[in-house]
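Peer 1: only the shape, not the letters, is given here:
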């Protein structure tokens, strides 16, 4: 965890970035869904800390953007995957939403269109890769092609095998060209999902979020968990790691993702560009303008 | 002004939406650049009100988005035009940035690429029109084709004439298909711009925003004002009005644009979708899931 954050006595007593990274031997079944790893404090503490750190995140994002306006090649790509109701939308609105929208490229991947299906699965993904200076956010992603496709046998084992490799090559190429990839799986359990679906049906401002198909996919929970386990095993890398974030406490999931973003951006050693002009000369010209 | 806002004793004693709309006989030269029309209060009051109303804006935006997920056809398109340093970026980060990024389609139009130049000027614009349910934001727009192009004589008078008409037809078509267009000109004067350029050159976190070309365009100020005057005259309509917002006080400009967005969204009579399912039936199915 970066020093600047530790100094604030944040409530994190262990670095969530280390705790949540899916390393060698990772077992999804054993991963927490409803705790707050590394954090000491209640919901209110978490919310205050999230608001407090939003400012640091905003500065880092603006530096990333500013660098991108000059010769900076860095970008960040945050990939969000989860079962329904896990809170992807809340990550986007509460974490990503705290920074300047001018520096964000958000893409929600839906069921591919007929035209998209006539291309390789990565064709539509490549087009949405973030430009230098930007934070790209994928709400669902190319991982659907090894998750829902595996669960419903829409792809053969050989094709799935090809896809894991293709994903690794694709992500390695993005990484090599300056994109820092963060892959997040928001982890909940069936009981949490049931509560949240029921809650949606009790709140008229949430009815619109409910789809009858939600229950249909829920029936495949164990198959989805198996598909996530395999995807995480086959596509975790040092350059593009997976983080499995318990999302039963939404405030914790948001704080953890914010922390992962903060550490990634801090690690880039960003500074403000000096501009490509003679400062004294331009000051003089403006004074005389 | 919508009743709900009046009730909060907002500081607006006259409706800025009416005060700032460029109506018949509008004269840009007489439009204020550094006052706060209709508002009683200081910077601090304005900032508090902006934060207070962000919540209402967020609810309306979410309703718009929710409707778009069903059969709603409404969208909003906020077009921002201004001289450099007027504060377009601040409108995006502080007003648009207060709502969920999932409901925003932001496009910053730069100098057209070689490929774009081989199409009609509206070709690249059409592609960025907001989808149903979305708030589209254009940071610069098709108006550059009748502003900088007029100032530098990159288009003949006949071609400019064609463009004004084409813009009106284009915007009428978007309007007819459900897009509510709001056109904003952030109005400053050369003294304000000079102060802001000088300030950028005194602040190392702002150097990156300064470009030598800023001064070059500044030299054409009167020609730009003439181009804005003509553009506003020729393209103001009831369905797609121009608002000329004094932007010398950034807090006021943000508040005024927020108010215009609030009134536009309030005028749509948005409600939460009921969903396309049998509520009692789905509640039962979830309980048994």
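Peer 2: Structure received. All values derive from a computational prediction rather than experimental measurement.
Peer 1: mind listing what residue A:67 touches?
Peer 2: Residue A:67 makes contact with A:74, A:132, A:133, A:270, A:273, according to CB atoms under 8 Å, 6 or more residues apart in numbering or on different chains. Using the backbone N, CA and C atoms, a C-beta is placed for each residue, glycine as well.
Peer 1: quick check: residue A:156 vs residue A:149, distance?
Peer 2: Using CB to CB, to the nearest Å, one gets 10 Å for the distance from residue A:156 to residue A:149.
Peer 1: may I see the buried residues of the helix or strand that contains residue A:230?
Peer 2: Using DSSP states H and E, residue A:230 sits within helix A:221-235. For helix A:221-235, burial by neighbour count (16 or more other CB atoms under 10 Å in any protein chain shown) applies to A:223, A:224, A:225, A:227, A:228, A:229, A:230, A:231, A:232, A:233, A:234, A:235.
Peer 1: ok, the second one - contacts?
Peer 2: Residues counted as contacts of residue A:224 (CB under 8 Å, 6+ apart) are A:83, A:147, A:151, A:217.
Peer 1: determine the three-state secondary structure at the residue sitting nearest the centre point of chain A.
Peer 2: For chain A, the residue nearest the mean C-alpha position is residue A:78 (3.4 Å; CA atoms, centre = their mean). Three-state call for residue A:78 (DSSP: H, G, I helix; E, B strand; the rest coil): strand.
Peer 1: quick check: phi and psi at residue A:181.
Peer 2: Dihedral pair for residue A:181: phi -100, psi 130, per degrees, to the nearest 10.
Peer 1: which SS state does residue A:217 fall under?
Peer 2: Per three-state DSSP, the local secondary structure of residue A:217 is helix.
Peer 1: quick one on the thing from earlier: looking at residue A:156 and residue A:149, which has the bigger crowd around it?
Peer 2: It is residue A:149, of residue A:156 and residue A:149, that has more neighbours when counted by other CB atoms under 10 Å in any protein chain shown, with 18 against 10.
Peer 1: what about the nearest residue to the more buried one once chain neighbours are set aside, helix or strand, and which?
Peer 2: Once flanking residues are discounted, residue A:149 sits nearest to residue A:155: 4.4 Å by CB to CB, 6 or more residues apart in numbering or on different chains. Using DSSP H and E, residue A:155 sits in no helix or strand.
Peer 1: so what's residue A:96 closest to, chain neighbours aside?
Peer 2: Once flanking residues are discounted, residue A:96 sits nearest to residue A:137: 5.4 Å by CB to CB, 6+ apart.
Peer 1: er, residue A:34 I mean
Peer 2: Using CB to CB, 6+ apart and skipping residues adjacent in sequence, the residue nearest residue A:34 is residue A:248, 3.1 Å away.
Peer 1: helix, strand or coil for that neighbour?
Peer 2: Assignment for residue A:248 (three-state DSSP): coil.
Peer 1: before we move on, the earlier item: hmm, which two among the buried residues of helix A:221-235 are most spread apart?
Peer 2: A:223 and A:235 (18.1 Å; CB to CB).
Peer 1: ok, residue A:129 to chain B distance?
Peer 2: Distance, residue A:129 to chain B, by CB to the nearest CB, to the nearest Å: 17 Å.
Peer 1: wait, a strand at that residue?
Peer 2: No. Checked against three-state DSSP, residue A:129 lies outside a strand; its state is coil.
Peer 1: mind listing the helices for chain A?
Peer 2: Ranges of helices in chain A, per DSSP state H, are A:3-6, A:16-20, A:43-69, A:88-94, A:114-117, A:123-126, A:148-151, A:157-176, A:190-200, A:212-218, A:221-235, A:250-266, A:279-288.
Peer 1: quick check: mean pLDDT across the first one?
Peer 2: Across helix A:3-6, pLDDT averages out at 44.
Peer 1: circling back: list the residues that contact the residue nearest to residue A:34.
Peer 2: Contact analysis of residue A:248 by CB under 8 Å, 6+ apart lists A:33, A:34, A:35, A:188, A:189, A:192.
Peer 1: can you report how many residues neighbour the first one?
Peer 2: Counted with other CB under 10 Å, the neighbours of residue A:33 add up to 19.
Peer 1: no more questions from me, cheers.
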